[in-house]
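S.K.: Output the structure for:
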Amino acid sequence: MDLPIACTLTETARRERRQTIMDFFRKIAGTIAELRDGYAYTFPPTSDALMQITQLVDMERQCCPFLNFKIVVDAGKKPMRLEVTGPKEAKAVIADFFNSEGTKAQSRIL
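M.R.: Okay, the predicted model is just below:
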């Protein structure tokens with residue numbers, strides 16, 4: 001079953017949510033890597049970052065059910081990664097909503 005590429009938030013709530021996400025990404029100062037069907041965001045391996053990533057995923061999965069989220073926490077003190085993917089048409093939505101000026105982009109496709 002294909003889910004529609006649509007956010008259930010109002011325009012005002014969506015702007016506020018995007019600002020919250022952008023503030024988080026700027027504060028954490030992670031990197032972005034392009035995936036075939038979305039993007040991977042890398043963050044420092046801190047408890048605070050993990051809690052914020054988990055909260056972000058919980059909020060976003062409720063209003064954008066067409067997105068897939070994967071939190072990767074490797075052994076040791078390696079950076080954590082949040083992968084946000086979806087159908088082909090969702091990639092532009094992901095980039096528009098999650099990619100910020102404060103996050104360093106990597107050009108490679110993983």
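S.K.: What ranges does the protein have for its strands?
M.R.: For the chain, the strands defined by DSSP state E occupy 31-35, 38-43, 68-72, 80-85, 104-109.
S.K.: Tell me how far residue 15 lies from residue 94.
M.R.: 17 Å (Cβ to Cβ, to the nearest Å). Backbone N, C-alpha and C define where each C-beta goes, glycine included.
S.K.: Of the two, which one has the most company?
M.R.: Between residue 15 and residue 94, residue 94 has the larger neighbour count (other Cβ atoms under 10 Å), namely 18 against 11.
S.K.: Contacts only, for the more buried one.
M.R.: Residue 94 sits next to 38, 39, 67, 84, 85, 86 when contact means Cβ atoms under 8 Å, 6 or more residues apart in numbering.
S.K.: same question, residue 50
M.R.: Here residue 50 is in contact with 71, 73, 80 (Cβ under 8 Å, 6+ apart).
S.K.: Roughly how far does residue 46 sit from residue 20?
M.R.: In terms of Cβ to Cβ, residue 46 sits 19 Å off from residue 20.
S.K.: if we can go back for a sec, what's the least confident stretch among the strands of the chain?
M.R.: Among the strands of the chain, strand 104-109 carries the lowest mean pLDDT, at a mean of 50.
S.K.: give me every residue that touches residue 39.
M.R.: Contact analysis of residue 39 by Cβ under 8 Å, 6+ apart lists 32, 33, 83, 84, 85, 91, 94, 95, 98, 99.
S.K.: one step back: deepest-packed of the strands of the chain, please.
M.R.: Most buried of the strands of the chain by mean neighbour count (mean count of other Cβ atoms under 10 Å) is strand 38-43; its value is a mean of 21.
S.K.: Apart from its chain neighbours, what residue comes closest to residue 24?
M.R.: Nearest residue to residue 24 in three dimensions, chain neighbours excluded: residue 52, at 5.6 Å (Cβ to Cβ, 6 or more residues apart in numbering).
S.K.: now that neighbour: how far from residue 43?
M.R.: Residue 52 sits 9 Å away from residue 43, going by Cβ to Cβ.
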